[in-house]
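Engineer: Give me coordinates for this.
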Amino acid sequence: MEANPRKILDEFIPESIGKQFVIPVYQRKYTWSVKKQLKQLMSDLEGLINNDNKEHFLGTIIYLETIVNYKTEKSIVDGQQRLVTMFLIAAALKSLADNEYRAREISETYLENYSEPDDSRYRQRLYPAVSDEDDYRLVVEEKFDELKKSKGNVAKNFFYLQKKLKIMIDKCGFDRLIYALKRFTIVYIKLDEKDDAQQIFESINSNGERLTASDLMRNYIMIDKSNWT
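Structural biologist: A predicted model of the protein is given here:
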C-alpha cells in the first residue's frame, strides 16, 4: 500500500494521462448534490481564490491499479464522489474556455486520452458508474441540450458548476480560477494486489452515511466482475 498527498487537478489527474479512472460495478452511482456538497465546495473554492497561499484538503482517494487489455485502469475503491466532481469541474471549464486552444488543453490534461481512437472505451479519462455513463458521455461530448433532459446528479451538478464557475471567471478571470482549483488537495492510497479491495471498501462504507445492506451484497457479488462484462 502506498499513500501520498497530491493536488488533484494539478498533479493527480494530469499524472494519469493515458490511463483511465474506473468506477467499479459494485459502487453506487454518483450521489453528491448541490445542496449538501457542491455549495460548500464552491464556498471553499472562493476561499482559495481570495487567498493565493491557501490549500484545501478534500479527503482521500483509494484505488487499485490493474492492467486490462494492456491498458492501465485505476479502479476507485473510495473517493468516487470527489473524483467525479473534479471531472465535472474540468468539463465545465472546457465549456467556458475563451478559445479553442484553452479548451483543447483542458481536455488533454483532464478529460481525454488523445492517443486513443474516438471510439475507444479508453478515450475518456474517467469511466463512471454504469448508471451515470450516459449522462457523463453527454457532458464530455458537450451535448448539453440532451443533458438538460436528465434528472440525474451528474447533469444537475454539471449545470450548477458551469453556472457558478462562469460567475467566478467573470469576476476574477480564468487563470486565477484555475490557480485556485489547482490548490484542492487529496491524499491518494494506492493498493497493492495483496490488499483486499473488497474488505477495504466494506470497512470504509459500512459505517456512517454509508451503504445499505443491498449495496454491500452487490459489492460482495460484483467485486470480481469487470466493467466490460
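Engineer: so where's the longest helix in this protein?
Structural biologist: The residue-count maximum for a helix in the chain (DSSP state H) belongs to helix 153-172.
Engineer: now the helix or strand following that helix: how far from the chain's centre is it?
Structural biologist: Counting by DSSP states H and E, the next helix or strand C-terminal to helix 153-172 is helix 174-181. Helix 174-181 has its C-alpha centroid displaced from the chain centroid by 18 Å (CA atoms, centre = their mean, to the nearest Å).
Engineer: buried set for helix 174-181?
Structural biologist: Using 16 or more other CB atoms under 10 Å as the test for burial, helix 174-181 gives 174, 177, 180-181. Where you see a C-beta, it was placed from the backbone N, CA and C, and this is true even at glycine.
Engineer: Kindly report the same for stretch 9-25.
Structural biologist: By neighbour count on 16+ other CB under 10 Å, the buried set for stretch 9-25 is 9-14, 16, 19-25.
Engineer: Who are the packing partners of the longest helix of the chain?
Structural biologist: Under the contact definition 3 or more CB pairs under 8 Å, 6 or more residues apart in numbering; DSSP states H and E, helix 153-172 sits against helix 39-50, helix 80-96, helix 133-140, helix 144-147, helix 174-181.
Engineer: What are the buried residues along the next helix-or-strand element following the second one?
Structural biologist: When you say that, I think you mean helix 80-96. Past helix 80-96, further along toward the C-terminus, the next helix or strand under DSSP H and E is helix 100-106. Applying a neighbour-count criterion of 16+ other CB under 10 Å, one finds 102-103, 106 buried in helix 100-106.
Engineer: elements contacting the helix or strand that helix 100-106 is followed by?
Structural biologist: For helix 100-106, the succeeding helix or strand toward the C-terminus, using DSSP H and E, is strand 126-127. Contact here means 3+ CB pairs under 8 Å, 6+ apart; on that basis strand 126-127 packs against strand 20-22, helix 80-96.
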